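>>> Here's my sequence, what's the structure:
(one chain, ligands or ions: 1)
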Amino acid sequence: MLGGQSGRSPPRRLRGSLRHDLLVFPRGDLCRQRGALLGSPSRDVPRDGAFFNRLLASAHGAFRAEEANVSVTNPKELAGRAAAELVRDGMRVGLGTGSTVHFTLVRLAERIRAERLRITGVPTSDDTERKARELGIPLVELGSVERLDLTIDGADEIDGRFDMIKGGGGALLREKVVASISEREAIVVGEDKVVERLGVRFRLPIEVVPFAAPVVERALVSLGATPSLRKRNDGATFVSDNHNWILDCAFAGGIADAARLERALKAVPGVVETGLFLGLAHVLLVGCNDGRVEVREK
Ligand code: 5RP
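All right, here's what the predicted structure looks like:
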(Lines give C-alpha, C1' and ligand atoms only; values in the text may rest on other atoms or scores of the structure.)
Protein backbone atom coordinates (compact mmCIF):
# COMPACT_ATOMS: atom_id res chain seq x y z
CA MET A 1 0.00 0.00 0.00
CA LEU A 2 1.74 3.15 -1.18
CA GLY A 3 -0.81 5.89 -0.55
CA GLY A 4 -2.06 6.93 2.84
CA GLN A 5 -0.18 7.49 6.04
CA SER A 6 3.21 5.87 6.59
CA GLY A 7 5.91 5.94 9.22
CA ARG A 8 7.71 8.75 7.34
CA SER A 9 7.73 12.09 9.06
CA PRO A 10 5.46 14.60 7.32
CA PRO A 11 6.83 17.79 5.76
CA ARG A 12 7.48 20.61 8.19
CA ARG A 13 4.22 21.97 9.43
CA LEU A 14 3.07 25.11 7.64
CA ARG A 15 1.24 27.42 9.99
CA GLY A 16 -0.74 30.60 9.74
CA SER A 17 -1.31 32.57 6.59
CA LEU A 18 0.50 31.77 3.38
CA ARG A 19 2.72 34.82 3.91
CA HIS A 20 4.13 33.04 6.95
CA ASP A 21 3.89 29.59 5.41
CA LEU A 22 6.40 30.57 2.75
CA LEU A 23 9.03 31.32 5.36
CA VAL A 24 9.36 27.64 6.19
CA PHE A 25 9.97 26.52 2.60
CA PRO A 26 13.54 25.39 1.79
CA ARG A 27 15.74 28.36 0.91
CA GLY A 28 13.13 30.65 2.41
CA ASP A 29 15.51 33.55 1.92
CA LEU A 30 12.84 36.04 0.96
CA CYS A 31 13.29 39.72 0.37
CA ARG A 32 10.10 41.43 1.48
CA GLN A 33 9.11 44.38 -0.68
CA ARG A 34 5.97 46.45 -0.74
CA GLY A 35 3.38 44.52 -2.64
CA ALA A 36 5.44 41.43 -3.41
CA LEU A 37 7.87 38.94 -1.97
CA LEU A 38 10.73 38.11 -4.25
CA GLY A 39 13.05 35.19 -3.66
CA SER A 40 16.57 36.55 -3.50
CA PRO A 41 19.14 34.83 -5.74
CA SER A 42 20.27 31.52 -4.26
CA ARG A 43 24.00 30.81 -4.27
CA ASP A 44 23.50 27.25 -5.39
CA VAL A 45 21.12 27.71 -8.31
CA PRO A 46 22.07 25.85 -11.50
CA ARG A 47 24.36 27.29 -14.22
CA ASP A 48 21.75 29.55 -15.75
CA GLY A 49 20.22 30.49 -12.43
CA ALA A 50 21.75 33.97 -12.47
CA PHE A 51 20.11 34.68 -15.80
CA PHE A 52 16.77 33.55 -14.49
CA ASN A 53 17.13 35.53 -11.31
CA ARG A 54 17.66 38.63 -13.42
CA LEU A 55 14.39 37.86 -15.15
CA LEU A 56 12.67 37.54 -11.79
CA ALA A 57 14.20 40.76 -10.55
CA SER A 58 13.17 42.66 -13.65
CA ALA A 59 9.67 41.25 -13.32
CA HIS A 60 9.31 42.74 -9.87
CA GLY A 61 8.25 46.17 -11.08
CA ALA A 62 5.49 44.57 -13.04
CA PHE A 63 4.15 42.84 -9.94
CA ARG A 64 3.90 46.18 -8.21
CA ALA A 65 2.16 47.55 -11.27
CA GLU A 66 -0.31 44.69 -10.93
CA GLU A 67 -0.86 45.65 -7.34
CA ALA A 68 -1.61 49.19 -8.41
CA ASN A 69 -4.24 47.88 -10.77
CA VAL A 70 -7.13 47.67 -8.34
CA SER A 71 -9.28 45.84 -10.86
CA VAL A 72 -7.04 42.75 -10.53
CA THR A 73 -8.11 41.06 -7.32
CA ASN A 74 -8.44 37.45 -8.47
CA PRO A 75 -5.41 35.49 -7.12
CA LYS A 76 -5.29 33.37 -10.28
CA GLU A 77 -5.25 36.47 -12.46
CA LEU A 78 -2.51 38.07 -10.35
CA ALA A 79 -0.24 35.02 -10.60
CA GLY A 80 -1.07 34.29 -14.23
CA ARG A 81 -0.36 37.82 -15.42
CA ALA A 82 2.79 38.17 -13.31
CA ALA A 83 4.30 35.03 -14.84
CA ALA A 84 3.99 36.49 -18.32
CA GLU A 85 6.61 39.08 -17.27
CA LEU A 86 9.19 36.28 -17.11
CA VAL A 87 9.03 35.90 -20.89
CA ARG A 88 11.73 37.63 -22.92
CA ASP A 89 12.11 38.39 -26.60
CA GLY A 90 13.04 35.35 -28.67
CA MET A 91 12.03 32.77 -26.08
CA ARG A 92 10.48 29.40 -26.86
CA VAL A 93 7.70 29.10 -24.32
CA GLY A 94 5.65 26.11 -23.18
CA LEU A 95 2.06 27.20 -22.67
CA GLY A 96 0.29 25.32 -19.87
CA THR A 97 -3.39 24.64 -19.45
CA GLY A 98 -6.13 25.90 -17.15
CA SER A 99 -7.91 28.94 -15.83
CA THR A 100 -4.77 30.48 -14.25
CA VAL A 101 -2.62 30.11 -17.37
CA HIS A 102 -5.51 31.67 -19.28
CA PHE A 103 -4.46 35.00 -17.71
CA THR A 104 -0.84 34.37 -18.70
CA LEU A 105 -1.94 33.94 -22.31
CA VAL A 106 -3.97 37.15 -22.20
CA ARG A 107 -1.02 39.11 -20.77
CA LEU A 108 1.41 37.54 -23.26
CA ALA A 109 -0.84 38.59 -26.11
CA GLU A 110 -0.91 42.14 -24.72
CA ARG A 111 2.91 42.17 -24.59
CA ILE A 112 3.21 40.77 -28.11
CA ARG A 113 1.10 43.66 -29.37
CA ALA A 114 2.53 46.44 -27.17
CA GLU A 115 6.24 45.47 -27.14
CA ARG A 116 6.43 43.58 -30.44
CA LEU A 117 7.63 40.64 -28.34
CA ARG A 118 8.65 37.73 -30.58
CA ILE A 119 8.06 34.33 -29.02
CA THR A 120 7.16 30.85 -30.16
CA GLY A 121 4.72 28.91 -28.02
CA VAL A 122 4.16 25.18 -27.63
CA PRO A 123 0.67 24.49 -26.23
CA THR A 124 -0.01 21.68 -23.75
CA SER A 125 -3.62 21.07 -24.79
CA ASP A 126 -6.10 21.57 -27.60
CA ASP A 127 -7.83 24.16 -25.39
CA THR A 128 -4.64 26.21 -24.94
CA GLU A 129 -3.85 25.89 -28.65
CA ARG A 130 -7.27 27.32 -29.55
CA LYS A 131 -6.98 30.17 -27.00
CA ALA A 132 -3.44 31.04 -28.13
CA ARG A 133 -4.49 31.14 -31.78
CA GLU A 134 -7.45 33.38 -30.95
CA LEU A 135 -5.13 35.72 -29.03
CA GLY A 136 -2.54 35.83 -31.80
CA ILE A 137 0.26 34.03 -29.95
CA PRO A 138 2.56 32.33 -32.52
CA LEU A 139 2.73 28.56 -32.08
CA VAL A 140 5.05 25.82 -33.30
CA GLU A 141 4.76 22.03 -33.25
CA LEU A 142 6.42 20.23 -30.35
CA GLY A 143 8.54 18.31 -32.85
CA SER A 144 10.18 21.47 -34.18
CA VAL A 145 11.86 22.36 -30.86
CA GLU A 146 14.38 20.37 -28.87
CA ARG A 147 14.23 22.51 -25.74
CA LEU A 148 12.00 25.25 -24.37
CA ASP A 149 13.38 28.24 -22.47
CA LEU A 150 10.45 28.50 -20.12
CA THR A 151 7.09 26.84 -19.52
CA ILE A 152 4.33 28.50 -17.53
CA ASP A 153 1.70 26.13 -16.17
CA GLY A 154 -0.85 25.80 -13.39
CA ALA A 155 -1.20 23.13 -10.70
CA ASP A 156 -3.93 21.57 -8.61
CA GLU A 157 -1.70 21.17 -5.55
CA ILE A 158 1.93 22.14 -4.88
CA ASP A 159 3.94 21.39 -1.74
CA GLY A 160 7.02 22.88 -0.11
CA ARG A 161 9.36 20.83 -2.35
CA PHE A 162 7.55 22.16 -5.46
CA ASP A 163 6.15 18.67 -6.09
CA MET A 164 2.71 18.84 -7.62
CA ILE A 165 -0.53 17.17 -8.54
CA LYS A 166 -1.66 18.27 -11.99
CA GLY A 167 -4.26 17.10 -14.46
CA GLY A 168 -7.43 18.68 -13.10
CA GLY A 169 -8.04 19.91 -16.63
CA GLY A 170 -7.06 16.54 -18.12
CA ALA A 171 -3.92 17.80 -19.88
CA LEU A 172 -1.37 16.01 -17.69
CA LEU A 173 0.30 13.95 -20.41
CA ARG A 174 1.16 16.83 -22.72
CA GLU A 175 1.95 19.05 -19.73
CA LYS A 176 4.51 16.55 -18.45
CA VAL A 177 6.10 16.06 -21.87
CA VAL A 178 6.45 19.82 -22.31
CA ALA A 179 7.78 20.24 -18.76
CA SER A 180 10.40 17.56 -19.45
CA ILE A 181 12.03 19.64 -22.21
CA SER A 182 11.80 22.98 -20.41
CA GLU A 183 14.86 24.73 -18.98
CA ARG A 184 12.55 26.36 -16.44
CA GLU A 185 9.01 25.52 -15.34
CA ALA A 186 7.14 28.37 -13.66
CA ILE A 187 3.97 27.40 -11.81
CA VAL A 188 1.10 29.82 -11.30
CA VAL A 189 -1.46 29.19 -8.56
CA GLY A 190 -3.81 30.88 -6.15
CA GLU A 191 -2.78 30.48 -2.54
CA ASP A 192 -5.38 27.76 -1.90
CA LYS A 193 -3.27 25.35 -4.02
CA VAL A 194 -0.26 25.37 -1.65
CA VAL A 195 -0.48 22.27 0.56
CA GLU A 196 1.48 20.45 3.22
CA ARG A 197 0.91 17.00 1.71
CA LEU A 198 -0.17 16.08 -1.80
CA GLY A 199 -3.42 14.23 -2.29
CA VAL A 200 -5.18 15.25 0.90
CA ARG A 201 -7.57 17.62 -0.83
CA PHE A 202 -7.23 16.85 -4.55
CA ARG A 203 -7.54 13.45 -6.17
CA LEU A 204 -4.60 12.27 -8.29
CA PRO A 205 -5.51 12.03 -12.00
CA ILE A 206 -4.11 9.05 -13.89
CA GLU A 207 -4.44 8.85 -17.67
CA VAL A 208 -5.12 5.32 -18.87
CA VAL A 209 -5.68 3.49 -22.15
CA PRO A 210 -9.48 2.85 -22.27
CA PHE A 211 -9.02 -0.87 -23.09
CA ALA A 212 -6.91 -1.34 -19.96
CA ALA A 213 -9.06 0.72 -17.57
CA PRO A 214 -10.61 -2.20 -15.59
CA VAL A 215 -7.21 -3.84 -15.12
CA VAL A 216 -5.59 -0.56 -14.10
CA GLU A 217 -8.42 0.17 -11.67
CA ARG A 218 -7.79 -3.09 -9.80
CA ALA A 219 -4.05 -2.40 -9.69
CA LEU A 220 -4.70 1.09 -8.31
CA VAL A 221 -6.86 -0.30 -5.52
CA SER A 222 -4.02 -2.66 -4.55
CA LEU A 223 -1.76 0.41 -4.32
CA GLY A 224 -4.11 2.03 -1.80
CA ALA A 225 -6.11 4.26 -4.16
CA THR A 226 -9.85 4.68 -4.57
CA PRO A 227 -10.17 5.39 -8.30
CA SER A 228 -13.17 6.79 -10.12
CA LEU A 229 -13.57 7.27 -13.84
CA ARG A 230 -13.73 10.95 -14.75
CA LYS A 231 -17.03 12.07 -16.28
CA ARG A 232 -18.00 15.21 -18.11
CA ASN A 233 -20.79 17.43 -16.80
CA ASP A 234 -23.25 15.74 -19.18
CA GLY A 235 -22.41 12.32 -17.68
CA ALA A 236 -20.37 11.03 -20.62
CA THR A 237 -16.89 9.65 -20.00
CA PHE A 238 -14.22 12.36 -20.16
CA VAL A 239 -11.82 11.71 -23.05
CA SER A 240 -8.39 13.37 -23.04
CA ASP A 241 -6.80 15.14 -26.01
CA ASN A 242 -4.90 11.88 -26.52
CA HIS A 243 -8.14 9.83 -26.64
CA ASN A 244 -7.51 8.25 -23.25
CA TRP A 245 -9.57 8.08 -20.04
CA ILE A 246 -8.73 9.52 -16.64
CA LEU A 247 -9.06 7.77 -13.29
CA ASP A 248 -9.14 10.25 -10.39
CA CYS A 249 -7.60 8.56 -7.36
CA ALA A 250 -8.29 9.39 -3.74
CA PHE A 251 -5.72 8.40 -1.10
CA ALA A 252 -6.88 8.29 2.51
CA GLY A 253 -4.57 10.61 4.43
CA GLY A 254 -2.93 11.85 1.24
CA ILE A 255 0.21 10.63 -0.54
CA ALA A 256 2.97 9.75 1.91
CA ASP A 257 5.76 8.90 -0.56
CA ALA A 258 5.07 10.47 -3.95
CA ALA A 259 8.27 9.21 -5.63
CA ARG A 260 7.58 5.61 -4.63
CA LEU A 261 3.95 5.88 -5.68
CA GLU A 262 4.98 7.34 -9.05
CA ARG A 263 7.33 4.42 -9.71
CA ALA A 264 4.63 1.90 -8.80
CA LEU A 265 1.99 3.61 -10.95
CA LYS A 266 4.25 3.86 -14.00
CA ALA A 267 4.88 0.10 -13.75
CA VAL A 268 1.19 -0.73 -14.26
CA PRO A 269 0.49 -1.73 -17.90
CA GLY A 270 -2.17 0.57 -19.33
CA VAL A 271 -1.14 3.62 -17.30
CA VAL A 272 -0.13 6.30 -19.80
CA GLU A 273 0.83 9.07 -17.37
CA THR A 274 0.20 10.21 -13.82
CA GLY A 275 -0.57 13.66 -12.47
CA LEU A 276 2.39 13.51 -10.08
CA PHE A 277 4.90 16.14 -11.23
CA LEU A 278 7.99 15.59 -9.12
CA GLY A 279 11.09 17.73 -9.39
CA LEU A 280 9.83 19.49 -12.51
CA ALA A 281 8.99 22.98 -11.16
CA HIS A 282 11.62 25.69 -10.65
CA VAL A 283 9.66 28.85 -9.93
CA LEU A 284 6.39 29.31 -8.06
CA LEU A 285 4.18 32.39 -8.36
CA VAL A 286 1.40 32.45 -5.79
CA GLY A 287 -1.47 34.88 -6.16
CA CYS A 288 -2.60 35.85 -2.67
CA ASN A 289 -6.07 36.82 -1.56
CA ASP A 290 -4.74 40.17 -0.31
CA GLY A 291 -3.64 41.14 -3.83
CA ARG A 292 0.07 40.29 -3.65
CA VAL A 293 2.03 37.86 -5.78
CA GLU A 294 4.67 35.85 -3.94
CA VAL A 295 7.53 34.43 -5.98
CA ARG A 296 9.70 31.51 -4.92
CA GLU A 297 12.61 29.97 -6.78
CA LYS A 298 13.84 26.46 -6.12
C1 5RP B 1 -4.60 20.84 -16.38
C2 5RP B 1 -3.81 21.25 -15.19
C3 5RP B 1 -4.00 22.63 -14.69
O4 5RP B 1 -2.80 23.31 -14.75
C5 5RP B 1 -4.50 22.55 -13.28
O6 5RP B 1 -5.69 21.77 -13.28
C7 5RP B 1 -4.79 23.93 -12.70
O8 5RP B 1 -5.88 24.50 -13.35
P9 5RP B 1 -6.49 25.89 -12.93
O10 5RP B 1 -5.44 26.93 -13.20
O11 5RP B 1 -7.72 26.04 -13.80
O12 5RP B 1 -6.86 25.83 -11.47
O13 5RP B 1 -3.02 20.51 -14.66
O14 5RP B 1 -4.36 19.51 -16.70
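>>> any idea how far residue 234 is from residue 249?
Counting by Cβ to Cβ, to the nearest Å, the gap between residue 249 and residue 234 amounts to 23 Å. (Each C-beta comes from the backbone N, C-alpha and C, glycine too.)
>>> Please apply the same query to residue 256.
Residue 256 is 36 Å from residue 234, where distance means Cβ to Cβ.
>>> Who has more neighbours out of those two?
residue 256 (21 against 5; other Cβ atoms under 10 Å).
>>> For the more buried one, report the pLDDT, please.
With respect to pLDDT, residue 256 has a value of 96.
>>> Can you pull the phi/psi pair for it?
Residue 256 adopts backbone torsions of phi -80, psi -40, taken as degrees, to the nearest 10.
>>> Kindly report the same for residue 162.
phi 70, psi 20.
>>> how many neighbours does it have?
For residue 162, using other Cβ under 10 Å, the count is 22.
>>> thought it was touching residue 187?
Yes: when contacts are counted by Cβ atoms under 8 Å, residue 162 is listed as touching residue 187 (7.3 Å).
>>> Helix, strand, or coil at residue 281?
Look at residue 281: counting by DSSP: H, G, I helix; E, B strand; the rest coil, its state is coil.
>>> can you tell me which residues contact the nearest residue to residue 275 once chain neighbours are set aside?
Leaving aside its chain neighbours, residue 275 sits nearest to residue 167 (3.4 Å; criterion: Cβ to Cβ, 6 or more residues apart in numbering). Residues near residue 167 by Cβ atoms under 8 Å, 6 or more residues apart in numbering: 156, 175, 204-205, 207, 246, 275.
>>> of the residues you listed, closest to the ligand?
Checking the contacts of residue 167 against the ligand by Cβ to the nearest ligand atom gives residue 156 as the nearest, at 4.7 Å.
>>> what's the neighbour count on that closest one?
23.
>>> Please apply the same query to residue 233.
Residue 233 is flanked by 6 other residues according to other Cβ under 10 Å.
>>> Checking it next. Helix, strand or coil?
Look at residue 233: counting by three-state DSSP, its state is coil.
>>> coming back round to it: possible to save the contacts of residue 167 as a markdown table with distance to residue 105 and pLDDT?
Formatted as a markdown table, those follow (distance: Cβ to Cβ, whole Å; pLDDT from 0 to 100):
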| residue | distance to residue 105 | pLDDT |
| --- | --- | --- |
| 156 | 19 | 98 |
| 175 | 15 | 98 |
| 204 | 26 | 98 |
| 205 | 22 | 98 |
| 207 | 23 | 98 |
| 246 | 23 | 98 |
| 275 | 22 | 98 |
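>>> Tell me which entries of these lie within strands.
Counted as lying in strands by DSSP state E, out of the contacts of residue 167, are 204-205, 207, 246.
>>> Can you tell me which of the residues you listed has the most neighbours?
residue 204 (30 neighbours).
>>> give the contact list for that one.
165, 167, 198, 225, 248-249, 251, 255, 274-276.
>>> For those, give me JSON lines that also has secondary structure and distance to residue 148.
JSON lines is the format used below for these (DSSP: H, G, I helix; E, B strand; the rest coil; distance: Cβ to Cβ, whole Å):
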{"residue": "165", "secondary structure": "strand", "distance to residue 148": "22"}
{"residue": "167", "secondary structure": "coil", "distance to residue 148": "20"}
{"residue": "198", "secondary structure": "coil", "distance to residue 148": "25"}
{"residue": "225", "secondary structure": "coil", "distance to residue 148": "32"}
{"residue": "248", "secondary structure": "strand", "distance to residue 148": "28"}
{"residue": "249", "secondary structure": "strand", "distance to residue 148": "29"}
{"residue": "251", "secondary structure": "coil", "distance to residue 148": "31"}
{"residue": "255", "secondary structure": "strand", "distance to residue 148": "28"}
{"residue": "274", "secondary structure": "strand", "distance to residue 148": "21"}
{"residue": "275", "secondary structure": "coil", "distance to residue 148": "20"}
{"residue": "276", "secondary structure": "strand", "distance to residue 148": "21"}
